[in-house]
Structures are given as structure tokens and as C-alpha cells.
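**Q** fold the following.
(2 chains)
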There are 2 protein chains.
Amino acid sequence: MQNFNFHVPTKILFGQNKVNEIGNEIKKYGTRILLAYGGGSVKKIGLYDQVVEQLNENGISYFELSGIKPNPRVTSVREGVKICRENDIDFILAIGGGSVIDASKAIAAAVNYEGDPWDFSVQKAKVKDPLPLGTVLTLAATGSEMNGNAVISNEETQEKKGMASNSLRPKFSVLDPVYTFSVNRYHTAAGTVDIMSHIFENYFAPSSGTFVQDAMAESILKTCIKYGPIALDEPENYDARANLLWAGSLALNGLTLTGKLMGDWATHGIEHEVSAIYDLTHGAGLAIIHPVWMQYVLNEKTAPKFAQMARNVWNVEEQDDMEAAQKGINAVRAFFDSLEMPARLSDVDISGDHFDAMAEKACCFGKIGSFKRLEPKDVRAILDNAL
Amino acid sequence: MQNFNFHVPTKILFGQNKVNEIGNEIKKYGTRILLAYGGGSVKKIGLYDQVVEQLNENGISYFELSGIKPNPRVTSVREGVKICRENDIDFILAIGGGSVIDASKAIAAAVNYEGDPWDFSVQKAKVKDPLPLGTVLTLAATGSEMNGNAVISNEETQEKKGMASNSLRPKFSVLDPVYTFSVNRYHTAAGTVDIMSHIFENYFAPSSGTFVQDAMAESILKTCIKYGPIALDEPENYDARANLLWAGSLALNGLTLTGKLMGDWATHGIEHEVSAIYDLTHGAGLAIIHPVWMQYVLNEKTAPKFAQMARNVWNVEEQDDMEAAQKGINAVRAFFDSLEMPARLSDVDISGDHFDAMAEKACCFGKIGSFKRLEPKDVRAILDNAL
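**A** Below you'll find the model as predicted:
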């Protein structure tokens, strides 16, 4: 087990009507807030009204940034920064899924920074003195509600890049399963894949002696396997939504990474290149790429870890590591199929036209992945195999 | 799943030589500290010297409270409060196991309180504005390094009572597995039982829809089952010590209680009465009481949860819930036996002389337990069964 620091000060307010407590939480940090959200869904489900009522009751002024899209654009971030500066904003409240939260983090980072917000994504600048932020989550998927990461897209350069700072962890996050009831079949499935993919990224990584972390990671996978299909069939099943929602936060708050030097994250890197160009739903892209990545990196050295997942999560009883590993990878693919997620890039009308450019961009800072190091030709091969 | 708040801001510094980072952590809060520890073991293993070197290098003044005993006494707490007041202490650093940390929390709570420190234990006073504290842990067991709980004993009244406040969570805790290498066979076993017992208290509690929490709880049990025996046989096995150490913190930082109204905690309540009089090692007392409690509360209603543990943790394949439950309880007892922990109160020279008084005291605030409510006659029966 590697040395580590673990520090997750985000306060989680979990459960039905917990949004009624945001007034007290926000007032610890400020009274003039940026209210960031996406399209009309937060209004349709009544969440917007409930939030605004709390703000009004608590004497909190708010200025709105709406229309933040999936795969959030740096243009939205720039717009948010402008609103914050013009209105002396002291706190950001993000209402939505990962895209709204990620955009809000990028805004929080950039308000007190002189340069362009994109600088953080291309490692030209480091986050310093960000605005504090809180979130009200509406989708079980991202994990962004309990970590310091954000992924932003740049339409001009067709890039999608991550940024990270512990100082960007939300001060609080409200997780009300009822507000995820209206998430449709497709996005419920994509969110479930996203959670599992976050676990895979930290699970399939070089490590030894991380038994307790891996066992907890397996617990979260089992939670997704149990409740993903239930949430698809019974969208208003509270326990299914609640388990997925809490699993999503625990999957990417740092817990399953403790004791490991790093995760793998090659699959996310490759998927980001795909969705930077094609604006594919992140979880759907991961459903295609992750099993293909698993198959590509499977070898004598990596087989034992895939076999561990197969036995502990998918009840594979095969003794031989390579055969167990193969059954585990097949089980992942079959599960994603059962969630009606796409299996091939061609299923979502993506051709191989930009594969070389994607492969180069994915490796623009050097080789990617830690479980197996990948160079552009490997990424190209994975994309070809995913076609 | 019940509504919950989860807020664990304690910063964990985990791994070899992490104690070299305490200077920077302490200086965030103060420069005049109370250094609290127990007997000579922290000096023998070199930890005391390493801590003092860090304090000196960082210009931090320290005043010592040593000699804090297992089942820490309120007399030690009063002594610590006096030292703090006389020396304008602004931070407490606890070096040791649960007893030293618990005593330090009670001191932190009492320094700015006019009454007697015992008031917190008997619910006469609530914790307000405690001193901040940090810990350097030397034993995998308590969980106190990441929560706001403390258990204090009163020799005069022969009572042992818990107190709790979120504000008593340590600001940071250093967990270096190497500093647990010297823990002897008996205390390594007792610590492992203590961790498992904390899991049992929250696992066997009224709840529904808490799949992800229960699966994580089972992960921690499996970690103890794997590494407890290894740590006994190979005391310097780093991964065994590391997994137990991190498992101990995760077992009682609130994670496995999320989504549940409350844990059970009857077993801890009963064990506290035993060790308040007989000064038994806490984990050894739990090794006796917990399986007896399980057997006593096993019935048609509780069997499914015991069966769940049996199947998910002890690989019991029995279909019938009652039979699976029985096999699970037997497996717990057999595992504690394998750790050479006592099975009966008579094994540790405890007679039934004070059972009636213990049963009354355990229930002094009313019935105890939530999985099955227990009154004094039930506690008396459990003690009889444990004899």
C-alpha cells in the first residue's frame, strides 16, 4: 500500500427534501450567489422553484447562468466568470449533473484569475483562491459533487480536458434521490456505466496490498449491478435511486484510490477525445470504450486483477486467471448490453475518420494509462477495435 | 434508506514517516500544544522522539500529559484540562490508541467549559467550542482518529460512558502502519475484534435499502478476516498492518452508518459495564459479548440479516435463513477463537457477582439496542450466557 493523504471535507446532505437546508449552508460563505444550471429540466421537476424559495427565505441574492450543456463548454465558463465579476458573487450554487458542476468549478477557479479559464485545462495555470461552491445533484454518475475535478470542452480546438484541485471540492452537496426519478432510461443507464467506469479506472491500476480499497470498489460495482437495472425498470424506486446516487459519490471521492499511486484513466482520456468531436453522452462513450480497453490490455500480467473482479463481482468460479479474466470482461460487456448501452462506435454513427487525430490528442502530454502504458498506436488500435 | 448528513473533514496522513508532516498541520491551529500519551511504548518505538523533533523544528511549544491508561479515567481528563488552562494551550496532539485519543477529546471539550468534564459523559452538558486536536495513531482498533466520539471511565462511580460531538473530530490523524508493528499478539487480536465489533454495531441495526453501506461494511469485515491472522503471525507485515489500520478508521467514521437511523450499540454498552468494573481490554470484552449478543437476539425477524452476513462474509451457502444465520454466528465465534481471544467471562476471571448492577447501569437511560430492544433482564441474561 502506498502512502496517501485523504481529505474530503465536502458535507453531504442526503435524502428527500434536504434541499431545504441549503440556506443555512450557503450563508456560511456568502450572500450573493451565482445560480448555475442547464436546460429546463430543473424547472420541470420543481427543483428550481424549491431552491429559489430557499434563497429568498434566507435573504440570498442570486444571479443566473443557465443553458450549460452536457460536455460543458469553456464559452459557458467565460460567461459565468463575467457574471461573477460584474455582480460581486461570493458563492456558486450548481444545480444539475456533472456538466453543470464541472462548469461551476471552472468558473470558481477562474473568477480570481487574470488569464483565460481554458489555461487551467491545458495546465498553463494552477487553481488558487477559487470561489467556494455548493451543489444540488440531479443525476447519479459524475462523482463531481464530492471531488475537486472538472472536465471542460473547447469547441474551437475540439478538445475536452480535465482539471483538478482539492480546493475545488464543493463545500456541500445535496443528494435527493427523488430529484433523479425523472432521469430517463438512457441517461440512467449512462450514469450507471459512468459510476462503474470510475471504479474501473482506479481498480485496474498498479497497486499491491490494497485489499480494503479493492473490496470497497467491488461493493460499489455490485451496487450498480443490482440497482442499475431496477432504476431503469422502476424509475421511481427510491432505494434504487438512493443507492446509485450515494455509490456515485463514493466511487470518485478519492476513497477507492487511497493507497495507490495513481489510477489508470486511459479509457476516460480516449472517451474524452471521442466526445470532444462527436458530443456523445459520456457514459455511452465509456460503455463502448471500457470493455474494448479491457480486452486490449489483457495479458499474462494484467489477468490476475481482471480475474479478481470476475470472481468477486461477477461470481465467476473459473480457476485459471486468464479464463476467469476473459469471463469477467465478457460479463461487463453483457451487463452494459443489458442496460441497452451501445457496444460499438458505429452504433452511435461514429466513423474512423478522425481516429489518428484522436489518438495523437489523447497522448498530447505523453503516454496514457498506468495499468498498461499506451501510446498513440495503442489508442488507435483500441478505437479501431471499438468501431 | 434514511436521510443523513455525512461530514468527515478529518485529514488523514497515511503511511510510513507521515509523522514528519505534523508540524505544518499543527501550525494551522496553534503553537502551544498539549502532548498527550500513555505509557512508555511511544518512547520505546521511537515515535515520541520523532514527534518532538517535528515540534522543535517547527517552533511549537509543548506541555506533556503522560500516563493515560486504557479505559481512560476522568481523573486524567481533569489533569489535562488543568495543564491546558495554566499554559494557554491552543491545540492538543494525542499520540497513542483509542484511550489517549478519547481522553484528549474529553480534555478538548472541557477546557472552555466551567463545570466538571464528567458532565459531558452523563449528558449534563453539550460540547461547545472545543480545542482543536490532532492524533498520531499507534493501534488499529478504535476509529476515534476519524470520528467525534470518546469513551471515558469514572473510577469513583464505576461507570464507563460515551460522549459524542462532530466538533470533536480530529483536524488531522497520522496513520503509520510501521508504528503498529510492535503491538503484541493479544492487543493486535483485540484491536481486530474491536474493528469488527464496530461494523457489527452499525450492520445489525434496523434499516432497509442500505445495500451499498452494508456491502462496504462486509468489505471491512473481510479485510479483518484476511489480515488479522496475518498480523498476529507476521507482526511486521506492512500490508497487513496497513489494511487493518485503514479499515479501523473506515469502520467507525460514519460511512457504514449512512442511511440508517441508528446503530445497535447494545454490545458496546454491555461491555462498557464489564470493563468499568474489571478493567478488561475492550476488544477482549467484545470478543466475549458480541457472539453471545448475536445468539440472544437471533429470531425469525433478525435471522435474514445474520444470514446476509453469513453468506456475504463467511461464504455460508445454506439456503435457509435461520440455519445460515446460525452458521454465521458460529463463524464469528470460531474466528475470535482463532485469534486466541477469550470466549467466556470466566476465562478472564470474571464472576457473576455484579451482573445485576451491570444490567441496571447499562440501561440507566432506558432500554438499549435498536436491532432488538433490551431491558435489564435481557442484559442480565446475556451476561449469564457469557459466563
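
**Q** for chain B, what are the nearby residues on the stretch 1-150 of chain A?
**A** The stretch 1-150 of chain A comes close to chain B at residues A:1-16, A:18, as judged by C-beta under 8 Å from any C-beta of the partner chain. (Glycine included, C-beta is placed from N, CA and C.)

**Q** just to be sure, residue A:136 is in a strand?
**A** Yes - counting by DSSP: H, G, I helix; E, B strand; the rest coil, residue A:136 is part of a strand.

**Q** what is the burial count for residue A:115?
**A** Counted by other C-beta atoms under 10 Å in any protein chain shown, the residues lying close to residue A:115 total 10.

**Q** now do residue A:26
**A** 24.

**Q** tell me the domain ranges of chain A?
**A** Here the domain assignment for chain A is A:11-179, A:184-386, based on automatic domain parsing.

**Q** excluding its backbone neighbours, what's nearest the residue nearest to the spatial centre of chain A?
**A** Per C-alpha atoms, centre = their mean, the C-alpha nearest to the average position across chain A is that of residue A:142, at 2.9 Å. Of all residues not flanking residue A:142 in the chain, residue A:98 sits nearest, at 2.8 Å (C-beta to C-beta, 6 or more residues apart in numbering or on different chains).

**Q** any idea whether the residue nearest to the centre of chain A is helix, strand or coil?
**A** With three-state DSSP as the criterion, residue A:142 reads coil.

**Q** in chain A, which spans are strands?
**A** Assigned by DSSP state E, chain A shows strands spanning A:4-14, A:32-36, A:61-65, A:91-96, A:133-137, A:149-154, A:159-164, A:172-175.

**Q** dump the ones you listed to CSV, plus mean neighbour count and mean pLDDT.
**A** Converted to CSV, these look like this (neighbours: other C-beta atoms under 10 Å in any protein chain shown; pLDDT from 0 to 100):
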stretch, mean neighbour count, mean pLDDT
strand A:4-14, 20, 98
strand A:32-36, 23, 98
strand A:61-65, 17, 98
strand A:91-96, 28, 98
strand A:133-137, 28, 98
strand A:149-154, 24, 95
strand A:159-164, 20, 91
strand A:172-175, 27, 98
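
**Q** need the contact list for the closest residue to residue A:234 other than its chain neighbours.
**A** Nearest residue to residue A:234 in three dimensions, chain neighbours excluded: residue A:240, at 6.6 Å (C-beta to C-beta, 6+ apart). By C-beta atoms under 8 Å, 6 or more residues apart in numbering or on different chains, the residues touching residue A:240 are A:227, A:230-231, A:234.

**Q** do the same with residue A:238
**A** A:16, A:177-178, B:1, B:209.

**Q** ok, 7 Å please
**A** residue A:177 (C-beta atoms under 7 Å, 6 or more residues apart in numbering or on different chains).

**Q** can you check residue A:260 too?
**A** Neighbour list for residue A:260: A:2, A:202, A:205, A:207, A:210 [criterion: C-beta under 7 Å, 6+ apart].

**Q** ok, of these, which one's closest to chain B?
**A** Taking C-beta to the nearest C-beta as the measure, chain B lies nearest residue A:2 of the contacts of residue A:260, at 6.9 Å.

**Q** is the helix ranked longest in chain A in proximity to chain B?
**A** Looking across chain A with DSSP state H, the single longest helix is helix A:211-233. Yes - using C-beta under 7 Å from any C-beta of the partner chain, helix A:211-233 comes into contact with chain B via A:211-212, A:215-216, A:219-220, A:222-223, A:226.

**Q** tilt between that helix and strand A:4-14?
**A** In terms of direction (axes from the mean of the first three to the mean of the last three C-alpha atoms, to 10 degrees), helix A:211-233 departs from strand A:4-14 by 30 degrees.

**Q** pLDDT of helix A:211-233, averaged?
**A** Here helix A:211-233 scores 98 as its mean pLDDT.

**Q** let me see the ranges of the helices in the stretch 201-350 of chain A.
**A** Using DSSP state H, counting those that start in this stretch, the helices of the stretch 201-350 of chain A run over A:211-233, A:238-251, A:266-278, A:282-297, A:303-313, A:321-338.

**Q** determine how far the second one lies from the middle of the whole chain.
**A** Okay, so that is helix A:238-251. Here the centre of helix A:238-251 is set off from its chain's centre by 14 Å, with C-alpha atoms, centre = their mean, to the nearest Å.

**Q** do stretch A:202-211 as well
**A** 20 Å.

**Q** for the worst-scoring helix or strand of chain A on mean pLDDT, output the C-alpha coordinates as PDB.
**A** Least confident helix or strand of chain A, by mean pLDDT, DSSP states H and E, is strand A:159-164 with a mean of 91. Provided in PDB are the C-alpha atoms of strand A:159-164 (Å, rounded to 0.1, in the frame of the first residue of the first chain):
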ATOM      1  CA  GLU A 159     -10.600  19.400 -27.100                       C
ATOM      2  CA  LYS A 160     -12.000  18.000 -23.800                       C
ATOM      3  CA  LYS A 161      -9.700  18.200 -20.800                       C
ATOM      4  CA  GLY A 162      -9.700  17.600 -17.100                       C
ATOM      5  CA  MET A 163      -8.600  20.000 -14.400                       C
ATOM      6  CA  ALA A 164      -8.200  19.200 -10.700                       C
END
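
**Q** I'm done for today, thanks for sticking with me.
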